[in-house]
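A.B. asks: from the sequence below, what's the structure:
(one chain, ligands or ions: 2)
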Amino acid sequence: MSFLQVQGLGKRYGDAVALEDVDLSVTAGSRTAIVGRSGSGKTTLLRIVAGFETADTGRIVLDGRPLVDGGGMVPAHRRGIGYVPQDGALFPHLSIADNIGFGLDRNGADRRTRIAELLEAVELAPQMLERRPHELSGGQQQRVALARALARKPALMLLDEPFSALDTGLRDSLRRTVARVLCEAGIATILVTHDQSEALSFADQVAVMREGRLTQVGPPQELYRRPRDRETATFLGDAIILPAEVENGWARCSLGRLAVAAGPQRGAAEIMLRPEQLRLVVDDRDAPPNAAGGGPEGWGRVIDVEFGGSVCKVAVTLGNAPGQPGPLLLRHSSLDLPRIGSRVRIQVQGEAHLFDAPLR
Ligand SMILES: Nc1ncnc2c1ncn2[C@@H]1O[C@H](COP(=O)(O)OP(=O)(O)O)[C@@H](O)[C@H]1O
Ligand SMILES: [Mg+2]
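C.D. replies: Numbers count the residues shown, from 1 in each chain. Ligands and ions are numbered 1, 2, ... in the order given. From the prediction side, this is the model:
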């Protein structure tokens, strides 16, 4: 049973369509990431779920209770939803303690204890309590914003790019803290981000948003390995996309004959591999010519090497690649980097993925 159910949600600003026919289902205690480019409608969706914005069409039901249904609407403060915006939006004139305690009863007996617990949950030191927001770093401010949103024990937490202004290291550690805190509290969470690796590592369910629509929703591994189309594939990570001839569970392409999931599709198609499926072996022997008289499949020559620390990039042109859009970009460990000009064989691990969408 889904905990949050969004159905047919639509929103326009004048002539511009911000959301169109959005369906999303979130199970209790789970983590969903909505990933999409800037302007694709992510914030609009969160703000409508939170109750800060109205929808033109659609329904929202939270834990069996309709929040938005036709004309009826539950106001934001009665929804039991926590919201952390991109910039934290702390109250600048209030202390950290009063920011965190903003939604708590001012005269409640356990107010101080609760504030201290929340501060500890987001891994901040007690001496922060008397400070003002401007005396904290960006990462610390985001932790306070999260503590404030947790204070009222929301049933659902909405996070709108809360890590995007932070440095990489800080961002990873804060993301792990947030995931742990929300998981321990059993709070279902929706994280909005334009960063695909953040989405893939944070969530049980990833939803890809493009021009106001959710184009694909599923577990992170599924979306990464089996994206519906080229655009989703390249948005979620580096992809090697090759023209192929497909028949009965095999694809013939410039890398040779590769297994694909068996299906009805046959004939000309596009296949996708992730770079980590390709392994490069230096082989300076003369490559055998193939039956058609061209260069052999899966053999090529290194034309460029880009050092990048632990992961380097090696560009390879294939000997027999009619229709191949350009050199293949492979990842390689910084150990044993091949030299430019080396002859190489490319080995493929696992299945190639065949896009559902027909060739354009
Ligand atoms: N209050 C508003 N008035 C007019 N247009 C808006 C408003 N809010 C958002 N939009 C437009 O709606 C689209 C989606 O915006 P938004 O939801 O903020 O995208 P994202 O969060 O994915 O960057 C954009 O084209 C944006 O310009
Ligand atoms: Mg936004």
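
A.B. asks: can you pull out the helices in the stretch 151-300 of the chain?
C.D. replies: For the stretch 151-300 of the chain, the helices defined by DSSP state H, counting those that start in this stretch occupy 168-185, 196-202, 220-225, 230-235.

A.B. asks: any idea how far the last one is from the chain center?
C.D. replies: When you say that, I think you mean helix 230-235. When C-alpha coordinates are averaged (Cα atoms, centre = their mean, to the nearest Å), helix 230-235 and its chain have centres 12 Å apart.

A.B. asks: contacts for that helix next, please.
C.D. replies: Contact partners of helix 230-235, identified using Cβ atoms under 8 Å, 6 or more residues apart in numbering, comprise 35, 37, 196, 208, 210, 215-216, 223, 227, 239, 241, 270, 272, 353, 355, 357. Backbone N, C-alpha and C define where each C-beta goes, glycine included.

A.B. asks: ok, 6 Å please
C.D. replies: For helix 230-235, contacts defined as Cβ atoms under 6 Å, 6 or more residues apart in numbering pick out 208, 216, 227, 239, 272.

A.B. asks: repeat that for the second one.
C.D. replies: Contacts of helix 196-202 with the rest of the structure, by Cβ under 6 Å, 6+ apart, involve 33, 35, 191, 193, 206, 220, 236.

A.B. asks: what about the fifth one, distance to ligand 1?
C.D. replies: Meaning Val206. Going from Val206 to ligand 1 by Cβ to the nearest ligand atom, to the nearest Å gives 15 Å.

A.B. asks: can you tell me which residues contact that residue?
C.D. replies: By Cβ under 6 Å, 6+ apart, Val206 lies in contact with 33, 199, 220, 223.

A.B. asks: can you add pLDDT and give the contacts of helix 196-202 back as JSON lines?
C.D. replies: What follows is the contacts of helix 196-202, written out as JSON lines (pLDDT from 0 to 100):
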{"residue": "Ala33", "pLDDT": "97"}
{"residue": "Val35", "pLDDT": "95"}
{"residue": "Leu191", "pLDDT": "96"}
{"residue": "Thr193", "pLDDT": "93"}
{"residue": "Val206", "pLDDT": "97"}
{"residue": "Pro220", "pLDDT": "97"}
{"residue": "Leu236", "pLDDT": "93"}
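
A.B. asks: can you tell me which of the residues you listed is nearest Arg143?
C.D. replies: Top of the list for closeness to Arg143, among these and by Cβ to Cβ, is Leu191 at 15.4 Å.

A.B. asks: coming back round to it: need the helices of the stretch 151-300 of the chain in JSON lines with distance to Pro133 and mean neighbour count, can you?
C.D. replies: Converted to JSON lines, the helices of the stretch 151-300 of the chain look like this (distance: least, Cβ to Cβ, whole Å; neighbours: other Cβ atoms under 10 Å):
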{"stretch": "helix 168-185", "distance to Pro133": "16", "mean neighbour count": "15"}
{"stretch": "helix 196-202", "distance to Pro133": "24", "mean neighbour count": "19"}
{"stretch": "helix 220-225", "distance to Pro133": "34", "mean neighbour count": "17"}
{"stretch": "helix 230-235", "distance to Pro133": "34", "mean neighbour count": "18"}
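
A.B. asks: for the one residue in the stretch 51-200 of the chain that gets nearest to ligand 1, which non-adjacent residue is spatially closest?
C.D. replies: Distances between the stretch 51-200 of the chain and ligand 1 by Cβ to the nearest ligand atom are smallest at Val192, namely 6.7 Å. Nearest residue to Val192, sequence neighbours excluded (Cβ to Cβ, 6 or more residues apart in numbering): Lys42, at 4.3 Å.

A.B. asks: and the one you found, how far from Val22?
C.D. replies: Distance, Lys42 to Val22, using Cβ to Cβ, to the nearest Å: 11 Å.

A.B. asks: equivalent analysis for Ala109, please.
C.D. replies: 43 Å.

A.B. asks: neighbour count: the two, which is higher?
C.D. replies: Val22 (24 against 8; other Cβ atoms under 10 Å).

A.B. asks: would you double-check that the more buried one falls in a strand?
C.D. replies: Yes: under DSSP: H, G, I helix; E, B strand; the rest coil, Val22 sits within a strand.

A.B. asks: wait, it touches Gly10, no?
C.D. replies: No: proximity of Val22 to Gly10 does not meet the contact threshold set by Cβ atoms under 6 Å, at 7.4 Å.

A.B. asks: okay, and the residue lying closest to Gly88 once chain neighbours are set aside sits in which element?
C.D. replies: Excluding the flanking residues, the one nearest Gly88 by Cβ to Cβ, 6+ apart is Ala145, at 3.8 Å. Element membership of Ala145, judged by DSSP states H and E, is helix 138-151.

A.B. asks: how about the helices of the stretch 151-300 of the chain in CSV, adding distance to Met1?
C.D. replies: Converted to CSV, the helices of the stretch 151-300 of the chain look like this (distance: least, Cβ to Cβ, whole Å):
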stretch, distance to Met1
helix 168-185, 20
helix 196-202, 23
helix 220-225, 21
helix 230-235, 28
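
A.B. asks: these: which one's closest to Asp304?
C.D. replies: Minimum separation from Asp304 across the helices of the stretch 151-300 of the chain (Cβ to Cβ) falls at helix 230-235, 20.3 Å.
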